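Enquirer: Could you work out the structure for the sequence below:
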Amino acid sequence: MARAAARTEADLEKLVGWKCLKGVGGLLAHLHEHHDCPNRKLHYDQYAALLLFYFFNATVASLRDLRRLTDFEKFRRKLGVERTSLGSLSEASQVFDGELLRGVFEELAGTAAAADAPARPAGMPGGLDLVAADSSIIEALPRMVWALWLRKEHNGVRLHLDFDILKGIPVAAEVTTGRTGEKARLRKRLEKGRLYVYDRGFADYGLFQAVLDAGLKAVVPAPFVYLLDMEVILEPAMDGRTVTVTVPRRIESSADQALIQNEIKQFYALEGRYPESLEELVEWRGEPLPQTPRGYVYSYDAATGELLVVPEG
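Expert: Below you'll find the predicted structure:
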């Protein structure tokens, strides 16, 4: 196993990220006095700088390696930190409020842009941001009990990410348990002045209505339109939000139905049986079922696991 701990000050020259972190110090300065204590030499801004340095250097493999670096006077001077103990580093994640870092990242995102970002499409208003929203499951360590996802041997966290396509940078991020619903979290992150783009996993009438109610715009994912067997007309003008939807008298299948049916199959694969009710499925998936079209309801057969969308009444 590779070791990255610098054993001499000469080894520090092999580490990277110094120039990038030099410009971040001013953004972290306001964190210095947060949850301060006379007995603690490690301050929040220093802790944040150490963590950022850790992510720049893959050879720094642990908190122990990071702590060892603070023994070198040259490292402390260049990074602006003090010598710290392993205990202080270990408890820091519980002492300091991670939410305070959100403003730092948002400020950085507001001034950054990728050099190879795509050009703004002709006719798209300058004040409208094109944002892609998605989430991904990341495998978590077994000791991260809070990250329990499917069963006791499946731990995972979900990264929810909003990515500004025209700037080429992330503009919002959130880490939750793996079972947290991505559509529910996106509703809470909606911001004015954005055109949201999302895939079929976000196909939900309730979410789409929430976007429109907030005075926002959204690109409806193509599978959502096709699987719904609906005639959908979107006004081409970028400054309008007119959406006309014609629903046929009978819906044979929908994107929501297909997604839920797949989750029922996952439930069966893990539990060896189908959910006894839709209520049990909701508890298992960690979020309510997607809203059905007006006048339609879900019909579920617990014996076969078959889910249908049928007319109400």
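
Enquirer: tell me the domain ranges of the chain?
Expert: Here the chain is described, according to automatic domain parsing, as comprising the domains 9-103, 114-245, 255-311.

Enquirer: how far does the first one stretch from start to finish?
Expert: Between the opening and closing residues of domain 9-103 there is a gap of 34 Å (CA to CA, to the nearest Å).

Enquirer: Below-threshold pLDDT in the stretch 151-300 of the chain: ranges please.
Expert: Low-confidence segments of the stretch 151-300 of the chain, defined by pLDDT under 70: 151-154, 217-256.

Enquirer: hmm, back to that, in CSV, list the domains of the chain along with mean neighbour count.
Expert: All C-beta atoms are positioned from the backbone trio N, CA, C, and that covers glycine. Listed next are the domains of the chain as CSV, based on neighbours: other CB atoms under 10 Å:
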stretch, mean neighbour count
domain 9-103, 15
domain 114-245, 15
domain 255-311, 15
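
Enquirer: State the mean pLDDT of the longest strand along the chain.
Expert: Longest strand in the chain, counting residues (DSSP state E): strand 129-139. Mean pLDDT, computed over strand 129-139, is 87.

Enquirer: what does stretch 51-61 give?
Expert: 88.

Enquirer: Compute the first-to-last residue distance for it.
Expert: 12 Å.

Enquirer: That one: how far from the chain's middle?
Expert: Centroid separation for stretch 51-61 versus its chain: 22 Å, with CA atoms, centre = their mean, to the nearest Å.

Enquirer: Could I get the full set of strands for the stretch 201-313 of the chain?
Expert: All strands of the stretch 201-313 of the chain, identified by DSSP state E, counting those that start in this stretch, fall at 217-219, 231-234, 243-246, 296-301, 306-311.

Enquirer: That should have said the stretch 51-200 of the chain, apologies.
Expert: Going by DSSP E, counting those that start in this stretch, the stretch 51-200 of the chain shows strands at 129-139, 156-164, 169-177, 194-197.

Enquirer: what are the C-alpha coordinates of the second one, in CSV please?
Expert: Pointing back at strand 156-164 there. Presented in CSV, the C-alpha positions along strand 156-164 are these (Å, rounded to 0.1, in the frame of the first residue of the first chain):
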residue,chain,number,x,y,z
GLY,A,156,-24.5,4.2,0.3
VAL,A,157,-24.9,8.0,0.2
ARG,A,158,-26.6,9.9,-2.6
LEU,A,159,-24.9,12.9,-4.2
HIS,A,160,-27.5,15.5,-5.5
LEU,A,161,-25.9,17.8,-8.0
ASP,A,162,-26.9,20.8,-10.0
PHE,A,163,-24.5,21.5,-12.9
ASP,A,164,-24.5,24.8,-14.9
